[in-house]
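Visitor: Structural data only, the sequence is not supplied:
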C-alpha cells in the first residue's frame, strides 16, 4: 500500500511524509526532488527557463513514471492539474489532502517568488489557492485538516484513517 500526499506549498507534505514514512517503516518519495535530480536544476530554474506549463508537463511525466510499493509519496502542489497523474496516483495509492487554510499557508512560507511554483506570472498565491483547493478535494480519498495539527499529529491521523 502507498500513500500520496497532496496539497498547497507549505501544507507540510514533505515533512509529514518523512515522519509518516519513519513511523510505518515505508520508503519516502518526493516528486519535486525527483524532478530536480532528473532535470539537474531547481523547480524555479525550470519555471524561469521554460515556463510554468513545462514544469507541470515534467511533473506529470515524473509522477506517472513511479510505481513504488510501501511508500509515502509527497507530490508537487501542481500535480492536481494533471488528470493523468492523479489517475495514476489514485491507482497506486490512497490520496491524502493536507488541507491548510490560505492564512496559515501565508504564515508558513514567505519565498513564493523563488519557490518554483507552477503558476502564471500574473497569478497571485490566493488565485492559485482558490483554483487548486477545489482540485485537491476532488481527488482526495482522505482529507486531513492541518490547520491545528503539528506534523507528528498529522502523520498519526493519516495512520489512523488510511490503515
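Guide: Sure thing, it's come through. Note that the coordinates shown come from a computational prediction; the quantities given were computed from them, not determined experimentally. Numbers count the residues shown, from 1 in each chain.
Visitor: going forward, measure contacts and count neighbours with C-alpha atoms only.
Guide: Noted.
Visitor: Where does the prediction get shaky in the protein?
Guide: Applying pLDDT under 70 to the chain flags the ranges 111-116, 118-119.
Visitor: quick one: the helices in it?
Guide: Ranges of helices in the chain, per DSSP state H, are 13-24, 31-39, 43-50, 52-65, 83-92, 102-108, 125-139, 151-162.
Visitor: Adding distance to residue 73 and mean neighbour count as columns, could you present those in TSV?
Guide: Formatted as TSV, the helices of the chain follow (distance: least, C-alpha to C-alpha, whole Å; neighbours: other C-alpha atoms under 10 Å):
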stretch	distance to residue 73	mean neighbour count
helix 13-24	7	20
helix 31-39	7	16
helix 43-50	18	17
helix 52-65	9	19
helix 83-92	9	17
helix 102-108	21	14
helix 125-139	15	16
helix 151-162	13	16
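Visitor: Distance-wise, check residue 140 relative to residue 85.
Guide: Look at residue 140 and residue 85: by C-alpha to C-alpha, to the nearest Å, they are 13 Å apart.
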